[in-house]
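Chemist: no FASTA, just this:
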């Protein structure tokens, strides 16, 4: 029982460290219900995709060392290596389940990541037709 309690405490600390590593812009985007995806690009720009709005480029920039810290925290939490030999990491953020995708050199020019929030409302085929993404079947 003590081992399970220790593991839970470690997970809680890792989650708290990760929350701290995220800049306020990313933390706020993760908390916002209308956020679909957050991207931290190799050039340090932070892009946020919002439902009904599209992609918005944040004025905030995230240094390579800050991006790498976030990447290493997530990777270590799922037992994955994140380095030149293993430059692609796919994981879930601890505690919340968002998809976290990483690219590191040599696959990218600098550390970058994407966080994709789970869909809150699944789309049906009719929704795609209503939005003009698909046309209805003709008989």
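Modeler: All right, it came through fine. These numbers were taken from a predicted model, which means no experiment stands behind them.
Chemist: Mind naming the longest strand for the protein?
Modeler: Assignment by DSSP state E gives strand 54-61 as the longest strand of the chain.
Chemist: And the contacts of it?
Modeler: For strand 54-61, contacts defined as Cβ atoms under 8 Å, 6 or more residues apart in numbering pick out 23-25, 44-50. C-beta coordinates here come from the backbone N, C-alpha and C atoms, glycine included.
Chemist: Which of those has the largest number of neighbours?
Modeler: Highest neighbour count within these, by other Cβ atoms under 10 Å: residue 48, with 24 neighbours.
Chemist: Report the distance from the longest strand of the chain to the chain centre.
Modeler: Offset of strand 54-61 from its chain centre (Cα atoms, centre = their mean, to the nearest Å): 15 Å.
Chemist: how about the helices in the chain?
Modeler: Assigned helices in the chain, in chain order: 2-21, 24-31, 64-77, 125-131 (criterion: DSSP state H).
Chemist: Any chance of TSV for those, columns distance to residue 111 and mean pLDDT?
Modeler: Shown next, in TSV, are the helices of the chain (distance: least, Cβ to Cβ, whole Å; pLDDT from 0 to 100):
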stretch	distance to residue 111	mean pLDDT
helix 2-21	13	71
helix 24-31	14	93
helix 64-77	4	92
helix 125-131	35	79
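Chemist: Residue 92 is nearest to which of these?
Modeler: Set against residue 92 and scored by Cβ to Cβ, the helices of the chain come closest in helix 64-77, at 8.7 Å.
Chemist: Taking the centroid of the protein, which residue is nearest it?
Modeler: Compute the mean C-alpha point of the chain, and by Cα atoms, centre = their mean the closest residue is residue 115, 1.4 Å away.
Chemist: The longest strand of the chain versus helix 24-31: what angle between them?
Modeler: Angle between the axes of strand 54-61 and helix 24-31 is 150 degrees (criterion: axes from the mean of the first three to the mean of the last three Cα atoms, to 10 degrees).
Chemist: Could you tell me which strands strand 54-61 is paired with, and in which direction each runs?
Modeler: strand 45-50 (antiparallel) (DSSP bridges).
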